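> pasting a predicted model and its sequence here:
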Amino acid sequence: MKVFVGCASRNTDVEEYNDLAKKIANYIVKGNHSYVFGGCNNGLMGVIYKIVNSSDGSIIAEGVKAYEDEITSLIANSSNPNLKTNIHNTVNERTNAVFKNSDVIIFITGGIGSIYELMSAIETKRAGEHNNPIFIINVNGYYDNLIRMLEKTYKEGFASLSNKEVYNICYSFEELERKLNVIQSNLI
């Protein structure tokens with residue numbers, strides 16, 4: 001399975017977030033999955049990248065010209081023969097490539113870029129541009145306000161309740177893992 005993880009490119013001292021990133025990385029390695037990501041080796045993104053990279057796991061780094069130095073750094077500092085990098089002209093092009101090159105889309109703690117990707121994943125799935133399962137991992141209540149905003153959107157009639165079927169909210173890695181195992185068994 002090709003697993004995209006949208007997450008922070010900045011470091012955090014919140015251990016719950018770092019632990020979640022490590023668990024997802026180990027899931028990717030243990031299952032011999034591919035890690036698809038935005039091409040940065042810092043923050044939570046870097047936590048996952050370093051674990052998968054050290055295992056010689058398959059990695060697809062989708063970068064953007066504005067941050068090309070990050071992709072250059074990945075290439076220069078990796079001996080992983082399974083690292084594939086792509087540079088896109090715009091963030092929109094990269095985001096579309098990420099969805100195209102993934103089987104599963106996961107969002108953990110992240111900043112503006114991750115929130116943009118999350119909303120893009122939902123909207124492009126609604127529009128039929130992909131059919132990848134989307135998971136929002138709400139550890140430590142990080143996405144509580146976003147979830148409330150979406151609920152208000154449904155309640156006030158600005159979006160159909162059927163849109164809730166486009167994404168899944170999980171509250172722990174274990175819940176995510178159970179759902180990913182079901183998806184994987186259906187792919188086999």
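Here it is on my side, so go on.

> who are the packing partners of the worst-scoring helix or strand of the chain on mean pLDDT?
Across the helices and strands of the chain, mean pLDDT, DSSP states H and E gives its lowest value to helix 68-76, namely a mean of 85. Packing partners of helix 68-76 (3 or more Cβ pairs under 8 Å, 6 or more residues apart in numbering; DSSP states H and E): strand 59-64, strand 83-88. In short, each C-beta sits where N, CA and C put it, glycine included.

> quick one: the first one to chain centroid distance?
On the basis of Cα atoms, centre = their mean, to the nearest Å, strand 59-64 sits 12 Å off its chain's mean C-alpha point.

> avg pLDDT for that strand?
Averaged over strand 59-64, pLDDT sits at 91.

> list the helices and strands it packs on?
Counting contacts by 3+ Cβ pairs under 8 Å, 6+ apart, strand 59-64 packs against strand 34-37, helix 43-54, helix 68-76, strand 83-88, helix 91-100.

> got the buried residues for the fourth one?
What that stands for is strand 83-88. 83, 85-88 (16 or more other Cβ atoms under 10 Å).

> what about Glu174, neighbour count?
10 (other Cβ atoms under 10 Å).
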